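Asks: model this:
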Amino acid sequence: MSLDSHIEKVLWTEEEILERVAQIASEINLDFNAAPHPPLLVGVATGAFLFLADLVRRIQLPVAVDLVRAQSYGSSTLSNGAPTVSLDLKLDVKGKHVILVEDIVDTGCTLSCLIAHLESKGASSVSVCAFLDKPARRKVHIQLIGDGKFYKGFECPDYFVVGYGMDFAELYRNLPYVGVLKPEYYK
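Replies: Sure thing, here's the model as predicted:
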């Protein structure tokens with residue numbers, strides 16, 4: 001079974017992805033070069049794991065890294081709109097600048113839930129670093145905390161995409177590119 005045959009079209013190649021990740025890392029390097037404390041990067045498991053790994057390897061600053069897990073999709077192609085934190089942070093975020101690293105911002109519900117969670121734990125500011133931003137599906141306004149900034153990889157059209165860490169029913173995460181999954185594989 002070839003995973004490539006399940007893809008209707010490729011939106012971003014591996015080369016395009018790595019080039020954009022390097023650009024985002026450069027932005028973060030510039031923004032935090034003179035900061036008194038290094039940022040804490042918090043990856044949203046499991047979808048952001050490849051993006052987080054590629055990103056932190058290109059950041060030329062001391063950074064701490066942690067993971068949080070939030071769920072809103074299950075085995076569906078649509079967010080259920082009621083995300084929950086199912087695996088909390090190991091590191092203390094109190095008084096720290098947190099960069100929340102997401103695979104895709106869709107409705108914004110999960111992201112808003114996580115930002116509020118980090119604020120409740122005392123983060124001094126929260127930025128968002130989203131590999132894909134899908135504003136056509138946004139249901140809530142994203143409110144950053146403190147001096148937070150929104151870093152964006154690519155704006156995603158309203159397709160169901162997989163690859164580069166993103167899945168359907170836990171499959172397709174290992175694709176090195178981002179592609180549109182053929183409907184017959186998820187309907």
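Asks: which is the next helix or strand following the helix ranked longest in the chain?
Replies: If you go by DSSP state H, the chain has its longest helix at helix 14-32. Of the helices and strands lying after helix 14-32 in sequence (DSSP states H and E), the nearest is strand 40-45.
Asks: chain center to that next one: distance?
Replies: The chain centroid and the centroid of strand 40-45 are separated by 8 Å under Cα atoms, centre = their mean, to the nearest Å.
Asks: re earlier: give me the contacts around the longest helix of the chain.
Replies: Contacts to helix 14-32, defined as Cβ atoms under 8 Å, 6 or more residues apart in numbering, come from residues 12, 38-39, 51, 54-55, 58-61, 97, 99, 129, 149, 151, 153-154, 164, 176-178. (Glycine included, C-beta is placed from N, CA and C.)
Asks: if we go to 6 Å?
Replies: Identification of contacts with helix 14-32 by Cβ atoms under 6 Å, 6 or more residues apart in numbering yields 39, 54-55, 58-61, 151, 153, 164, 176-177.
Asks: Buried residues in that helix, which are they?
Replies: 17, 20-21, 24-25, 28, 31-32 (16 or more other Cβ atoms under 10 Å).
Asks: follow-up on the earlier one: by neighbours, which of the contacts of helix 14-32 wins?
Replies: residue 164 (28 neighbours; other Cβ atoms under 10 Å).
Asks: doesn't residue 50 make contact with that one?
Replies: Yes - at 5.4 Å, residue 164 counts as touching residue 50 under the criterion of Cβ atoms under 6 Å.
Asks: tell me which of the buried residues of helix 14-32 is nearest to residue 105?
Replies: Of all the buried residues of helix 14-32, the one with the least separation from residue 105 (Cβ to Cβ) is residue 24, at 14.1 Å.
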